[in-house]
Every structure is written in structure tokens, then in C-alpha cells.
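# Compute the structure for the input listed below.
(one chain, ligands or ions: 1)
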Amino acid sequence: MPCYSIHPSNHPSTARASTTEDDYMYPSSTTPSMEDLPEAEVPHTDPVPPRFHTGRLPNSKAGDGKPRLLLMGQRRSGKSSISSVVFHKLPPSETLYLETTTRIKKESMHSFMDFQVWDFPGHLDYFDPAFDVDNIFEEIGALIWVIDAQDEYLEAISRLNMTILNLQQSYPNINVEVFVHKVDGLSEDYKGDTFRDIIQRVQDELSDQGYENAPVSFYQTSIYDHSIFEAFSKVIQKLIPQLPTLEALLNSLCSTCHIEKAYLFDIMSKIYIATDTSPTDIGSYEICSDYIDVVIDVSEIYGWDRPTENGDAESQETGNNDAESLITMERKGNNYLYLREINKYLALICLMGDDSPADKKAVIDYNVGVFQAALKQVFPRAEREIAVPDQP
Ligand SMILES: Nc1nc2c(ncn2[C@@H]2O[C@H](COP(=O)(O)OP(=O)(O)OP(=O)(O)O)[C@@H](O)[C@H]2O)c(=O)[nH]1
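So this is what the prediction gives:
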């Protein structure tokens, strides 16, 4: 059995528990990586001067600097389930017991980049003048609109279109991501028909209102398979300005080492933040995603605390030298899988073809080391400074 380990002290679930950056956040008792923010806005009555989109990149440091993913849609469409399954690792079957959301639920995600997930109650009319629309939409990274494909969806489509048209004036650059959700319960034919019908209706209604080529993307999703993670990966990738560079680095790694497909994964959520530009298929994503689970499970059993060289907290948090970056290769059908922990948030997973990577492992190791070094330069979060408490 090849060796591997994602070191427990380096493991995201442990590492992120200690990250407290915002005064106004308090740690969640159940999940260390997510933090509940104080409750939703209380509608305020003061007149709000109109403000317009600044054209900043969504994750540029403005305000709290954390792009928001807003989860909106009709009641019971599955918004809270999506957030719980992707970011809290809730088993999908347990979402049956989730209570309906009554106030905006804000959570902060500490990972390769910080972002927030805001789960909106289905019934809320956020364009009511009592709400501070700016406060909701100004730092937005993406608006994720969830439509229950197993239910009557005309009302959901008209609310979506109303929202897009309302936002178009002040925030024309917002990415609108439509999750045609709960497709697990539908036959293949019905699923395809429903998906096409929803796309057609949204586009037709928007163009009837004079809004052609609206920036809306559609995904078929379910919490019962990997589709929700794939969709989230694509949504998150749009928020990463360095994506083209990451893809170029992965392309170069793939061609140098004869790698068929390479993914850069966020270990905790199993969202992939970049992949090389060869065609992606859900099968290879599934293999890699399952493999992360195996490595994490095994490392939680067999991992051990490695003392830091000088014992200081910073090197413990950020240190990820060779000793903590271990490798596994495994035969899977005709493929080899290669996993390397890049830092405490990210892991590189590669699918390789027939010629045994074991013969050229040294070359792969070397090139992955080069990739890792380049990543640190282009993607500052790879070397993120962790706040170290002042010494008395
Ligand atoms: N079959 C299926 N059911 C799902 C899926 N996602 C969520 N559900 C179910 O849908 C129901 C409603 O889910 P919630 O997450 O509470 O929906 P919500 O949109 O947050 O609802 P509100 O809080 O009322 O706005 C739950 O019983 C979930 O188990 C899915 O992908 N497939």
C-alpha cells in the first residue's frame, strides 16, 4: 500500500477551527469550518441612497472582502440542504429533517479564499423597500437560484426573472447561476426536457423584457450525487481571478508528466477550484472526490502529530514542507491516481494513463514541487498568513 497522509494538524477541519478573523462572527458549535454570522438584516427604515456596482472583481478586498454566494429560490426548493451537504458534510438523507429557514442565514467559509454563503428564506421579498438591497447585493459573488425540478416551477421562474431584471439596473455584472435541483427523482428523458424547458422559459421571458444575453448559467443538480459539487465548483471558479493562470499551470504539469487529468481540490468541501483545460467528465471528478474521502479517513486514523521545528504556531499552521506532503498512487481501472497535499486547504489529484507513473515518480514529484512553488506565487492564499496571537 502506498503511503499517504493528510496530517491531522494540517487537516482543514482542525485548521479552520482556529481561524477567527471577524469580530462579528462566532464559531459554530457543530462545524468548525463554517461560522454562523449574526442573524439577518433587520429591515431598516432609513432611506438608502442609490449605489451602483463598482466593477470590482467579486473577491476584491472591499468592505469585508468576502464574496457572497446567495442561495435563493422558492420554499422547500433545497437551498439549506445544498449548503449543509456541500459545506457541512451533512449526509443527504438527513436533509429531510432540516427545518424551514425563517431568517437569512449567513455563514463564512474559511478556505483557499474566504467567502460567505447566505441562505435566504424562500418567502422573503428582498426588494421590499424595507430591505437594504445594497447591503445584500454589493459584495455578491454569485446569485444561486435553486429551482425544484420535481415541483411546479413557473412561479420560481417568474420570481427569478423578476430578480434578474431588478438587479440588472444596479448590478449588471452579477453571475446568476440557476440550479435545476432534485433531478435525482426524474427519468433521463424527463430530466432533459425539464432542463431545456426551464432554460427556454427564462431566456424567453428575459428577452421579452428586452434583456438579451443575460449572464445566466444553468446546472442540473442533486444532493444525492456529485452533481451539486460539480456545479458549485464551476460557480466558485468564476470568483477566482487567477483561474486562467491556474489552468495554464495545470496544463503544463499535465503535458510534462503525461497526466490525463489534473484537479486542484479544496479538501474540505471537495469543490475543485481549477482543472486543466482537457475535457472534464463527471466520472473522473467522482473518482478524485471519493479518493479524497479515503485519504482523509485513513489519515485521521493513522496520521500523527508532527512537532514543528521551532514549535511556533505560525510554522505549525502554514508549514507544509515535504514531510507533510505525501503521495499515493493507486490502480483504478486503467488509471493511476496521484494525490499530493499542496497546502492545508488544497490537494492536487491527477489521473494517469497506462504507462506506470511509478517509473517516473521522481519526475512527477519534481514537477509537482515546481507547480506548488508557482501556485504560491500566483495564489496568495496558498501561503496565507494565519493570525498568530500576540505574545505577552
Ligand atoms: N430528492 C431530492 N430532495 C432534495 C434534494 N435537495 C433537497 N431535497 C429535499 O427538499 C426538502 C427541502 O429542503 P430544504 O433544504 O429545507 O429547502 P429550502 O429551500 O431551504 O426551504 P426553506 O428553508 O423553506 O426556504 C428536504 O426534504 C430535502 O431533503 C435533492 O437534491 N433531491
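# which SSE is Ser284 in?
In the assignment (DSSP states H and E), Ser284 maps to helix 282-302.
# Correction: the previous question concerned Leu246.
Element membership of Leu246 [criterion: DSSP H and E] is helix 243-257.
# contacting residues around that helix?
Defining contact as CB atoms under 8 Å, 6 or more residues apart in numbering, one finds that helix 243-257 is touched by 237, 240, 259-262, 264, 273-278, 350, 352, 357, 360, 363-364, 367-368, 371, 374-375, 378-379. C-beta: built from backbone N, CA, C; applies to glycine.
# Break down the stretch 201-350 of the chain into its strands, ranges please.
With DSSP state E, counting those that start in this stretch, the ranges of strands along the stretch 201-350 of the chain come out as 216-220, 259-266, 272-275, 327-332, 335-341, 346-352.
# Out of the ones you listed, which gets the lowest mean score?
Taking the average pLDDT of each of these, the minimum falls on strand 327-332, with a mean of 52.
# same for the helix holding Ser284, what does it pack against?
helix 227-237, strand 259-266, strand 327-332, strand 335-341, strand 346-352 (3 or more CB pairs under 8 Å, 6 or more residues apart in numbering; DSSP states H and E).
# Show me what the mean pLDDT comes to for it.
Computed over helix 282-302, the average pLDDT equals 79.
# Stretch 181-195 now?
Throughout stretch 181-195, pLDDT has a mean value of 91.
# Which residues of this structure lie near the ligand?
With CB under 6 Å from any ligand atom as the criterion, the chain comes near the ligand at residues 75-81, 95-96, 98, 100-101, 121-122, 181-182, 184-185, 222-224.
# Just the buried ones among these, please.
77-81, 95, 101, 121-122, 181-182, 184, 222-223 (16 or more other CB atoms under 10 Å).
# quick one: contacts for the nearest residue to Gln220 once chain neighbours are set aside?
If you skip the residues right next to it in sequence, Gln220 has Val183 as its closest partner in space, 4.7 Å away by CB to CB, 6 or more residues apart in numbering. With contacts defined as CB under 8 Å, 6+ apart, Val183 is in contact with 149, 191, 194-195, 220-222, 227.
# tell me the phi and psi of Val183?
Dihedral pair for Val183: phi -70, psi -10, per degrees, to the nearest 10.
# Export the strands of the stretch 201-350 of the chain to JSON lines and append columns for mean neighbour count and distance to Pro129.
Formatted as JSON lines, the strands of the stretch 201-350 of the chain follow (neighbours: other CB atoms under 10 Å; distance: least, CB to CB, whole Å):
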{"stretch": "strand 216-220", "mean neighbour count": "19", "distance to Pro129": "26"}
{"stretch": "strand 259-266", "mean neighbour count": "23", "distance to Pro129": "38"}
{"stretch": "strand 272-275", "mean neighbour count": "25", "distance to Pro129": "38"}
{"stretch": "strand 327-332", "mean neighbour count": "16", "distance to Pro129": "56"}
{"stretch": "strand 335-341", "mean neighbour count": "22", "distance to Pro129": "50"}
{"stretch": "strand 346-352", "mean neighbour count": "24", "distance to Pro129": "43"}
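# okay, those in TSV with distance to Asp293 next?
Formatted as TSV, the entries for these read as follows, by distance: least, CB to CB, whole Å:
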stretch	distance to Asp293
strand 216-220	22
strand 259-266	11
strand 272-275	14
strand 327-332	13
strand 335-341	11
strand 346-352	12
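# What are the boundaries of the helices in the protein?
Assigned by DSSP state H, the chain shows helices spanning 12-15, 79-88, 133-137, 154-170, 188-208, 227-237, 243-257, 282-302, 313-318, 361-378.
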